[in-house]
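1. show me how the following folds:
(2 chains)
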Amino acid sequence: MNRSLLETDVVVVGGGVTGVAVLRDLALRGVHAVLVERFDLGTGTSGRWHGLLHSGARYAVRDQESARECIEENTTLRRIAPHTIEDVGGLFVLLPGDDEAYAGKFVEGCRASGIPTEELSSAAAHRREPLLAPDLKLAFAVPDGGIDSWSLLRSMAADAEARGCRVLVRHPLVGMERDGDRITAVRVHDAVAGEDRTIGCQWVVNAAGAWAGGVGRMAGVPITMIAGKGVMVVMASRYVRGVVNACRKPADGDIIVPQHEVAILGTTSEQVDSADDISVAPADVDRMIDMCAQMVPAIASGRVLRAFAGSRPLYKAEAPAGGGDAEGDTREVSRTFTVLDHASRDGLDNMFSIVGGKLTTCRQMAEAVVDRLAERMGVTTPCTTATEPLPGADHGNHQVAAPLARLERDQAYGELLCECELVTRGQVRDAVAGGLTELEDLRRQLRVGYGPCQAAFCAWRAAGMLAEAKGNGAAGDGSGPEGSGAPAGTAAGDEHPLAGLERFLEERWRGQLATIWGDQARQALLNHSIYRGIFDLQGLDLPDEAAAALDGDTEGRTSSRAGEG
Amino acid sequence: MRADVVVVGAGPAGLAAATRLAEAGRQVLVLARGNGFTHWGPGAVDVLGRVGGEPVDRPLAAIDRLPEGHPYHLVGQDSVRDGLDWFSRFTAGAGLLHVGDPERNRAQVTAFGTLRPTCLLPEPAAGVLQGRVAVVNFAGFRDFSPALCAARLRETGIDATAASAPLPAWDHDRYFTAVELARAIDDPGFRRRLAPGLARAAAGAGTVVVPAVLGLNRGHEPWADLQAQIGTPLVEAATAPPSIPGLRLFAAYRSRLETLGVRWQFGFPAVGVEQAGDRVTAVRSEGASRLLSTRCQELVLATGGVAGNGIEANRDGTLTEKVAGLPVQGFDGRLAYLGPRFLGEHPLAAAGVRVDADLRPVGPDGEPLLVNVRCAGGLLAAHDPTTEGSREGVALATAARVAAQLAATAPALRGADHEPPGPPAR
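-> Numbers count the residues shown, from 1 in each chain, chains lettered A, B, ... in the order given. As a prediction, this is how the structure comes out:
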């Protein structure tokens, strides 16, 4: 059933940072565009990574083109999106047993790529990062940082929407209508309304990242993406003030990124068959911990919250560039990006793909593809995304203590819904008033359920607020402050409020399965005794297909669909 | 230090065992890391709520359907009855009357509007839902959603509506917890100011369901008083931790133990034992700045399973009993601990120490490893307190068995109360 026919100049496929950056670039040039995303913004690779704002130093030895792109965009993002960035800096540490010759190449590579470095003695490095291994030999300071991709996504999307473009989440692409050499429309499925929609368009930009090959197939053009899985481990506290990298050839478990209240250990690099393979094996978790504990020994006995995996969007050019053989360790594939003009490449006149790259360079990727598109469209307005600040930029850099400061300012302790992440009922109320109905989306937006207690308290408090907003049981509720202002016609309008809670708990569980021992084991069983023991939830409120998907999980491996951070 | 019997753990099993042993004339010391499951539970006495996921109607009869090695099989139905009888007498004497019949389960309404099967309930939670049910929260209390509760009750076919009652002006209008609200409700004046708003929210209802916060230190009197003031049956729903009914029970135990002259060491985790052959001679615990050694004739371990912190689940997939290093049934790697669904079952919850019929820990050959050590409650292998709904029943039944074992021989111990500790354990 075709409910509606939308018309636009450009359809952008993919709601990761690249797609949203493309949308914003088009909006700033006055081009009308519609972005379609199969789940929510940032549920693919953009939400499943360690949160490093690259200085480029990680690429300085092997991939200087990527390194130069990184340092350039690092500077640009600090200018246009400071509120998404925690300006924590980074170190590359040289441990006993590391190759000192590599350190020389590293410094030279950084110099050649334009990345400022400062050599620190062991003592100076320890003053900056007291938990570093006592026997480290020396360290190099680089302008790494932390960046919150969901905050960046929200800002870019809000800017694009304010300029007339549209974002359609939960609208997976289901097909394209092609007339000879041109795509005339894309078909999407409105997963909320349960209907297909057709969007007539002049141009298509494929920004589906690791899933770009699938979009290409629908358009009838071959695009070979390599699925490069990376596993990351979330520790319950930060451990480090800034980013800590091992000063060696990139390998498993060589980076620690502080983000909000946690630290993220990264990563593995493994070629897998599908970008949807985001499973995590206990052995991956153990390796991350053991390797990162070489740099920060306290991590070995620390509390692990969960583990997750993301898929690097690696593009395999037709003629392999640089002779890198991508079998096995996908770190060998260049992390720069490529614009594919399908007119010259495949005889499809009005589609571009933007492939490869990384979060730090998303704006530059968008500029490159939109420059090519604008030229073909006859749009002469130049790109201004590098100079036009994003909404929220006037707040300055993100500070880790900002949520606590806000709580203190408002004296809002009684409003606290999530003590771990300092989320208030007011914030949830605002999000619900804005139409949010799914606990998982609430987590990405407000970090509900992210903290050490792993949703022991906040999830059911939030479910209660959703129930109140939906008007379940609102009859006779005249005297309380809650229970009014329900947004009608929500996604799961006829679903039991406990179904969303169960879905949330099961999604969280899949991220925890490989990381449960010690304190987390106790926490998991206590949470089980709350939800199943006290509240008597038996897991029966989920729709059958969702339950089957949970039960059908591959033996010995765990995965989760929704974004992490 | 020395004691006749050292009980390690202050959860449902340790508290009952210590009280019963002291009542039997033994000189008891309680060593506890911190609060136990009283503070985390639903405020009920579960004996056997479910077998194979299905609700159980007759808990004692259903014991036959439990797997081999279950603690109920080891101690027998008589110990279960003994445990429940003793508990009923003890709580009635402490102003915390429990109602229910060991032969038949009853339903406890929860904050989610589910009806959980349980056996004994404290009076404030025991009312039957009749007529229209008004689910009422106290305005500003974060941990109870009447909308969520009422929605689920309606699905069960119960005519339920959600409402909110205003709180009188008090000191905590900006921020309060269940404990602060319950303490305020202890005050008769506060209740007089609270009652009219509660009555308005409950107007026309046959039953009023509220969060379990009706008083902390006055037994069930605040509940009875409020119920009389609003003139409608008032039911406390099972509410999120901290459990106010559990805190009431804990306070009753503590008061009773003090009356019996039982010594407490709270915040002193037991970390090891000293042995002579197959006997434990002393327990080591962590003091503020040093290890303490307490000599004892008998040791009762009621430290809990993994959830209760009696057992550590290690990263390498092994399990360690934390006081005496007793063998714990193993699993094949970390993932075997856990089910694929959070709300399903988790083998880790049933991890524990195997014991003989006298509750002494046994080795692989079934022979006792330590002859003067008894294990009780969640520490025991082969039961899953949460999924079965058997936590308090197993605690009380095994405490009854321990009491029966140790009541007989009670040597009066004399001598210096304080001794230097033995060589450090680490």
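2. show me what contacts residue A:148?
-> By Cβ atoms under 8 Å, 6 or more residues apart in numbering or on different chains, the contact set of residue A:148 is A:51, A:84-86, A:259-260, A:398, A:565. All C-beta spots, glycine's among them, are computed from the backbone N, C-alpha and C.
3. residue A:240 versus that one, what's the distance?
-> 17 Å (Cβ to Cβ, to the nearest Å).
4. which of the contacts of residue A:148 fall in strands?
-> Residues of the contacts of residue A:148 located in strands (DSSP state E): A:85-86, A:259.
5. what parts of the stretch 301-450 of chain A come near chain B?
-> Within the stretch 301-450 of chain A, the positions near chain B by Cβ under 8 Å from any Cβ of the partner chain are A:411, A:413-414, A:416-417, A:425.
6. can I get those in a markdown table including secondary structure, neighbour count and pLDDT?
-> As requested, these are exported to a markdown table (DSSP: H, G, I helix; E, B strand; the rest coil; neighbours: other Cβ atoms under 10 Å in any protein chain shown; pLDDT from 0 to 100):
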| residue | secondary structure | neighbour count | pLDDT |
| --- | --- | --- | --- |
| A:411 | coil | 10 | 84 |
| A:413 | helix | 14 | 81 |
| A:414 | helix | 16 | 79 |
| A:416 | strand | 19 | 88 |
| A:417 | strand | 24 | 90 |
| A:425 | helix | 20 | 90 |
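7. how much space between residue B:371 and residue B:76?
-> Shown here: residue B:371 relative to residue B:76, a distance of 21 Å by Cβ to Cβ.
8. show me the shaky parts of the stretch 251-400 of chain B.
-> B:330, B:332 (pLDDT under 70).
9. before we move on, back to that, so which of the contacts of residue A:148 is the most crowded?
-> Using other Cβ atoms under 10 Å in any protein chain shown as the neighbour criterion, residue A:84 leads the contacts of residue A:148 with 27 neighbours.
10. count of residues packed around residue B:255?
-> Residue B:255 is flanked by 11 other residues according to other Cβ under 10 Å.
11. same deal with the one 4 residues further on?
-> Each residue near residue B:259 was counted by other Cβ under 10 Å, and the total is 10.
12. over to it: give its phi and psi.
-> When read as degrees, to the nearest 10, the backbone of residue B:259 gives phi -60, psi -40.
13. and the gap between it and residue A:46?
-> For residue B:259, the distance to residue A:46 - Cβ to Cβ - is 63 Å.
14. how about residue B:348?
-> For residue B:348, the distance to residue A:46 - Cβ to Cβ - is 34 Å.
15. just residue A:38 next, same as before
-> 13 Å.
16. next one: residue A:401
-> Applying Cβ to Cβ to residue A:401 and residue A:46 gives a distance of 26 Å.
17. of those two, which one has the most company?
-> The residue with more neighbours, out of residue A:401 and residue A:46, is residue A:46; 26 against 9, by other Cβ under 10 Å.
18. hang on, the more buried one packs against residue A:153?
-> Yes: between residue A:46 and residue A:153 there is a contact at 6.6 Å, judged by Cβ atoms under 8 Å.
19. show me chain B divided up by domain.
-> Domain ranges of chain B: B:2-96+B:248-407, B:128-232, per automatic domain parsing.
20. so how far is the longest one from its chain's centroid?
-> Read that as domain B:2-96+B:248-407. In terms of Cα atoms, centre = their mean, to the nearest Å, the centre of domain B:2-96+B:248-407 is set 10 Å apart from its chain centre.
21. looking at the stretch 1-150 of chain B, which residue is nearest chain A?
-> For the stretch 1-150 of chain B and chain A, the shortest gap (Cβ to the nearest Cβ) falls at residue B:145, measuring 2.6 Å.
22. can you map out the helices along the stretch 51-200 of chain A?
-> Assigned by DSSP state H, counting those that start in this stretch, the stretch 51-200 of chain A shows helices spanning A:64-80, A:100-113, A:122-128, A:149-162.
23. of all those helices, which lies closest to chain B?
-> Taking Cβ to the nearest Cβ, helix A:149-162 is the member of the helices of the stretch 51-200 of chain A nearest to chain B, at 23.9 Å.
24. for the closest one, which residues meet the burial criterion?
-> Under the neighbour-count criterion of 16 or more other Cβ atoms under 10 Å in any protein chain shown, helix A:149-162 has A:149-160 buried.
25. show me what from the stretch 251-400 of chain B comes close to chain A.
-> By the rule Cβ under 8 Å from any Cβ, the part of the stretch 251-400 of chain B lying against chain A is B:305-307, B:309, B:312-315, B:333-335, B:337-338, B:340-344, B:346, B:348-349, B:385-387, B:389, B:391.
26. ChimeraX command for the buried members of these?
-> Burial among these is assessed by 16+ other Cβ under 10 Å; the matching ChimeraX selection reads:
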select /B:305,306,307,309,312,313,315,334,335,337,338,340,341,342,343,344,346,348,349,385,386,387,389,391
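27. okay, and which of the residues of the stretch 251-400 of chain B next to chain A map to strands?
-> Judged by DSSP E, strands contain the following of these: B:312-313.
28. what's near enough to touch the closest residue to residue B:2 other than its chain neighbours?
-> The shortest distance from residue B:2 to any non-neighbouring residue, by Cβ to Cβ, 6 or more residues apart in numbering or on different chains, is to residue B:295 (4.0 Å). Contact analysis of residue B:295 by Cβ under 8 Å, 6+ apart lists B:1-3, B:281-282, B:419.
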